[in-house]
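>>> no sequence on this one, just coordinates:
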């Protein structure tokens, strides 16, 4: 298992870093510190194909201009809680360059992204500590652990906005892939579906993905609004080009002394 890092982009004296976690099976998770984004998820299939299995971009400019915030760790969004954001210049969490630290052990590798936000820096009252730890083991399990603390009562809807493209090709539709929610077959929805299921599996020709959450349920989104005007991974997109499966996170109140903690586990398998 190994961890590598490199400079992805420079803004004046600030470095946007890329971190890569890789296990002994060849599964690789790539992240960038801008918005603590998931940039790539890869696992070679048995034929040796190793495409990016998420929606991502090649350049920093693409990420900076992406209105969908693909791959980003998202916190406060302007106006969603009825408040106007403060004029900090970097409201939300998706617009910050997060701190990162890594850990390499015998049975796992991990990267921890964190923000120490002073009064109002994310557009909400008070200060916050936000941490997101990504851990990869040799069973192709990717564990995502949240920890958020606040010194002031605030409303939040944190989410990690990853869209999976198990075709390995953003120009192909995902609608023929097979979805199970709590082991029950469910057609992939044409629009966003919120469920009480806490386990999902998504199966394509060459890869299968499973997701388990400690949250109250899962959201499934197939991005019907995307089209050939969108470019992902350097390739022209299409409607239903990916599937987001993420924990349901209603807007909730976070209180001082009561941290938000949640774990989601993603497992990836190569089938062919």
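Structure received. The model shown is predicted, which means the values in this text are computed figures rather than measured ones.

>>> C-alpha only now, for contacts and for neighbours.
Noted.

>>> Moving C-terminal from the helix or strand bottoming out on mean pLDDT in the chain, which element do we reach first?
Least confident element among the helices and strands of the chain, by mean pLDDT, DSSP states H and E: strand 235-236 (a mean of 62). Downstream of strand 235-236, the next assigned helix or strand under DSSP states H and E is strand 244-247.

>>> That following strand pairs with which strands, and in what direction?
Strand 244-247 pairs in its sheet with strand 218-221 (antiparallel), by DSSP bridges.

>>> and for the strand it pairs with, what are the contacting residues?
189-199, 243-248 (Cα atoms under 8 Å, 6 or more residues apart in numbering).

>>> how does it look with 6 Å?
192-195, 197-198, 243-248 (Cα atoms under 6 Å, 6 or more residues apart in numbering).

>>> Could you tell me which of the residues you listed count as buried?
192, 197-198, 243-248 (16 or more other Cα atoms under 10 Å).

>>> Now do stretch 43-51, average pLDDT.
Stretch 43-51 comes out with an average pLDDT of 92.

>>> for stretch 58-76, same thing?
The model assigns stretch 58-76 a mean pLDDT of 91.

>>> now stretch 178-189
Here the average pLDDT along stretch 178-189 is 97.

>>> Centre of the chain to that stretch, how far?
On the basis of Cα atoms, centre = their mean, to the nearest Å, stretch 178-189 sits 21 Å off its chain's mean C-alpha point.

>>> neighbours around residue 189, how many?
By other Cα atoms under 10 Å, the residues close to residue 189 number 16.

>>> Surely it forms part of a helix?
No. Applying DSSP: H, G, I helix; E, B strand; the rest coil, one finds residue 189 to be coil, outside a helix.

>>> The closest residue in space to residue 177 that isn't next to it in sequence: neighbour count?
Spatial nearest neighbour of residue 177, chain neighbours left out: residue 204 (5.0 Å); criterion: Cα to Cα, 6 or more residues apart in numbering. Neighbours of residue 204 under the rule other Cα under 10 Å: 18.

>>> Could you measure from the residue nearest to residue 247 when sequence neighbours are not counted over to residue 109?
Leaving aside its sequence neighbours, residue 247 sits nearest to residue 218 (Cα to Cα, 6+ apart; 4.4 Å). Shown here: residue 218 relative to residue 109, a distance of 26 Å by Cα to Cα, to the nearest Å.

>>> and these two? which has more neighbours close in?
A direct count of neighbours by other Cα under 10 Å for residue 218 and residue 109 places residue 218 higher, at 25 against 22.

>>> Is that one bridged to anything, and to what?
Residue 218 forms beta bridges with residue 195, residue 247, as assigned by DSSP bridges.

>>> Which elements pack onto the host helix or strand of residue 133?
Element membership of residue 133, judged by DSSP H and E, is strand 128-137. Packed against strand 128-137, as judged by 3 or more Cα pairs under 6 Å, 6 or more residues apart in numbering; DSSP states H and E, are the following elements: strand 108-117, strand 141-150.

>>> List the buried residues in the last one.
Same thing as strand 141-150. Across strand 141-150, burial judged by 16+ other Cα under 10 Å covers 141-146, 148-150.

>>> My guess is residue 16 contacts residue 9. True?
Yes. If you go by Cα atoms under 6 Å, residue 16 and residue 9 touch, sitting 5.0 Å apart.

>>> Which residues lie in contact with residue 147 in this structure?
Listed by Cα under 6 Å, 6+ apart, the contact set of residue 147 reads 130-131, 260-261.

>>> which among those end up buried?
The neighbour count (16+ other Cα under 10 Å) marks 130-131, 260 as buried among those.

>>> mind putting the residues you listed in TSV, distance to residue 137 and pLDDT included?
Listed next are the buried ones among the contacts of residue 147 as TSV, based on distance: Cα to Cα, whole Å; pLDDT from 0 to 100:
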residue	distance to residue 137	pLDDT
130	23	98
131	20	98
260	24	97
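
>>> Out of these, which comes closest to residue 50?
Residue 50 has its nearest neighbour among the buried ones among the contacts of residue 147 in residue 131, at 29.7 Å by Cα to Cα.
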